[in-house]
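>>> Build me a model:
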Amino acid sequence: MSQLANPELIKVVILLASSVTIVPLFKRLGLGSVLGYLVAGCLIGPSVFGIVQDPTAVVHLAELGVVMFLFIIGLEMYPDSGWKMVNELTISFNF
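Purely as a prediction, here's the structure:
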């Protein structure tokens with residue numbers, strides 16, 4: 001069976017399974033989904049459990065994750081607050 005399974009695919013499945021379990025827990029605690037994804041990535045990475053030892057093996061998956069993070073953040077932001085933030089930054093950079 002191990003000859004048929006791709007080790008990279010197993011790592012991706014473990015990463016997705018951890019995200020599916022941790023993110024709802026963080027949402028229930030009121031901490032937000034982005035923080036849940038970050039904690040799931042830290043747990044799976046080489047620093048805690050060490051499931052993914054070589055970070056270069058999952059670079060493309062990490063880039064896709066960054067795109068998804070930006071998409072989620074964009075969904076959670078309101079357009080009015082974004083324009084307000086731009087105006088505040090413009091005023092602060094002028095001084």
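>>> what's the helix or strand for the most centrally placed residue in the chain?
The centroid of the chain falls nearest to Tyr37 when counting by C-alpha atoms, centre = their mean (4.1 Å). Secondary structure from DSSP states H and E places Tyr37 in helix 33-44.
>>> now swap in Val23 and tell me
Going by DSSP H and E, Val23 is in helix 7-28.
>>> Show me the contact partners of that helix.
Here helix 7-28 makes contact (C-beta atoms under 8 Å, 6 or more residues apart in numbering) with 32-33, 35-37, 39-41, 43-44, 51-52, 57-58, 61. Where you see a C-beta, it was placed from the backbone N, CA and C, and this is true even at glycine.
>>> that older thread, point out the other helices and strands that the helix holding Tyr37 packs with.
On a contact count with 3 or more C-beta pairs under 8 Å, 6 or more residues apart in numbering; DSSP states H and E, helix 33-44 meets helix 7-28, helix 59-76.
>>> So which elements touch the helix or strand following the last one?
Beyond helix 59-76 on the C-terminal side, the first helix or strand identified by DSSP H and E is helix 79-94. Secondary structure elements in contact with helix 79-94, counted by 3+ C-beta pairs under 8 Å, 6+ apart, are absent; no helix or strand qualifies.
>>> So which of the helices and strands packed on helix 33-44 is nearest Gly82?
For those, proximity to Gly82 was assessed by C-beta to C-beta; helix 59-76 is nearest, at 9.0 Å.
>>> Give the buried residues for that closest one.
Applying a neighbour-count criterion of 16 or more other C-beta atoms under 10 Å, one finds Gly65 buried in helix 59-76.
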